[in-house]
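Novice: the following block contains a protein sequence and its predicted model.
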Amino acid sequence: MTKFLSNSKGIALLTVMVVLSIIMVIMAVLFNMVIKERIMTHNYVHQKQAYYIAEAAADQAVTIFVNFINNLHDEGSYVSKINGENKVNINNAGSYDSSFQSKLFAESDIIQEFINELGTSDIDVDYLSFEGTDANGYLYDYDDTSETAQDANTLTIKIEGSYKGEAALLHLRLRYCRHGAVYEYKGKGDW
């Protein structure tokens, strides 16, 4: 071994091999960091796109809700009066075809618009739940002060948008007043 170390050619070869090994380890670490950064960037972009898809679906739901409420107003500017109470059919099995939920599913074309725009079919919008109505699927007038109406005057829709495996959840809260106003809130917090 001492002969090998005393030989300058052997030292040079050993030095070159050590330096090349160190450079290869550094290159491997840098390459790994670049790959991880690229994956994180793609995931972030996909998460943002999923959020924007969910938000677009929420905006479309608000538009459909406003049109739905406006179409229900009669000449006296009152929403459907049922048993003396002002309420609207959000999802009632007896008259589902005229409900807001039916109109939302029939008129929602947000998925196809995103597929056309982004050029991928790895997009989805799910309306996960419709909460805040009475047992028959009616949403009450927000200005109604009765106890039943106070428990069923805010419709909460949970909307999930997904894009290339990433998902974003958005809560949409809707209220209406018989005089024609519609209130909305998008997000995950309180009203």
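Specialist: Okay, I see it. Numbers count the residues shown, from 1 in each chain.
Novice: grab the longest helix from this structure for me.
Specialist: helix 8-72 (DSSP state H).
Novice: what about that helix, distance to the chain center?
Specialist: Counting by Cα atoms, centre = their mean, to the nearest Å, helix 8-72 is centred 20 Å from the centre of its parent chain.
Novice: pull out the buried positions in stretch 101-117.
Specialist: 101-104, 108, 110-111, 114 (16 or more other Cβ atoms under 10 Å). For every residue, glycine as well, the C-beta is placed using N, CA and C.
Novice: just the residues contacting that stretch, thanks.
Specialist: Contact partners of stretch 101-117, identified using Cβ atoms under 8 Å, 6 or more residues apart in numbering, comprise 53, 56-57, 60-61, 64-65, 68, 90-91, 96, 121, 123-125, 127, 130, 137.
Novice: 6 Å instead, please
Specialist: 53, 56-57, 60-61, 64, 68, 90-91, 96, 121, 123, 125 (Cβ atoms under 6 Å, 6 or more residues apart in numbering).
Novice: where is pLDDT lowest across the residues you listed?
Specialist: The lowest pLDDT within the contacts of stretch 101-117 belongs to residue 96, which sits at 66.
Novice: what packs against the longest helix of the chain?
Specialist: helix 100-107, helix 110-118, strand 155-163, strand 166-176, strand 182-187 (3 or more Cβ pairs under 6 Å, 6 or more residues apart in numbering; DSSP states H and E).
Novice: quick one: mean pLDDT over the last one.
Specialist: Predicted confidence along strand 182-187 averages 69 (mean pLDDT).
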